[in-house]
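1. Sequence plus predicted model, see below.
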Amino acid sequence: MSAKLAAKLGLGLQELRTVREQMAPLVDKPPDAQVGDIETAAACAMLHSFYTEIEKMLNLIAREWDERLPSPEAWHKDLLNQLAAPTNNRPVVISSELVEGLSEFLAFRHLFRGASIALMRWDKLAPLLAKVDRTYNQTRQQIENFRAFLEAKDHPAP
């Protein structure tokens, strides 16, 4: 099970890297850039996709390793909290600092899914776009650390 989950997480990290690379033209724009409706809509879709890719990996860990998903009422936030706490079977997967950063992306995802894209404004998206690289790097490192834990489970030191 450990090796399969590690492989799935590796694929998830590749997908996340692809999304991050696709976002580069938007992330690299200055906060005061003059941006049209199409770029604003693209930024919304890319931010949504960025968070969704991260959440898919966390959901995979909760389902396949913890064998427990959060309750349906507030499962998105509960998922973050679940993986920020160690269990008897695993260490912390994501830090409380990363939970805080991901919570901002989660809040945007909820807004994006419930609001008209016509209401989205670049000046409101720019601060979140400025946090993409830090969040990406933290997520990548912490998921890689968890993958190393999984690999050690499959190949314990003598």
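-> Okay, I see it.

2. now stretch 129-142: how far from the chain's centre is it?
-> 8 Å (CA atoms, centre = their mean, to the nearest Å).

3. Same question for stretch 21-31.
-> Distance, centroid of stretch 21-31 to centroid of chain: 17 Å (CA atoms, centre = their mean).

4. which parts of that stretch are buried?
-> Buried residues in stretch 21-31, counted by 16 or more other CB atoms under 10 Å: Met23, Leu26, Val27, Lys29. Every C-beta, even on glycine, is put in place using the N, C-alpha and C of the backbone.

5. So for the helix or strand hosting Asn145, what gets flagged as buried?
-> Using DSSP states H and E, the element containing Asn145 is helix 132-154. Going by neighbour count (16+ other CB under 10 Å), the buried part of helix 132-154 is Val132, Thr135, Tyr136, Gln138, Thr139, Gln142, Ile143, Phe146, Arg147, Leu150, Lys153.

6. Can I get these in a markdown table including distance to Lys8 and pLDDT?
-> Converted to a markdown table, those look like this (distance: CB to CB, whole Å; pLDDT from 0 to 100):
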| residue | distance to Lys8 | pLDDT |
| --- | --- | --- |
| Val132 | 23 | 97 |
| Thr135 | 21 | 98 |
| Tyr136 | 19 | 98 |
| Gln138 | 20 | 98 |
| Thr139 | 15 | 98 |
| Gln142 | 16 | 98 |
| Ile143 | 11 | 98 |
| Phe146 | 12 | 97 |
| Arg147 | 10 | 96 |
| Leu150 | 10 | 93 |
| Lys153 | 15 | 78 |
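
7. Could you give the number of residues near the residue nearest to His48 when sequence neighbours are not counted?
-> The shortest distance from His48 to any non-neighbouring residue, by CB to CB, 6 or more residues apart in numbering, is to Phe112 (5.1 Å). Using other CB atoms under 10 Å, Phe112 has 17 neighbouring residues.

8. Phe112 against Ser49, yeah?
-> No: the criterion here is CB atoms under 8 Å, and Phe112 misses it with Ser49 at 10.2 Å.

9. circling back: flag every buried residue along whichever strand or helix holds the residue nearest to His48.
-> Phe112 belongs to helix 96-114 when assigned by DSSP H and E. Using 16+ other CB under 10 Å as the test for burial, helix 96-114 gives Leu98, Val99, Gly101, Leu102, Phe105, Leu106, Phe108, Arg109, Phe112.
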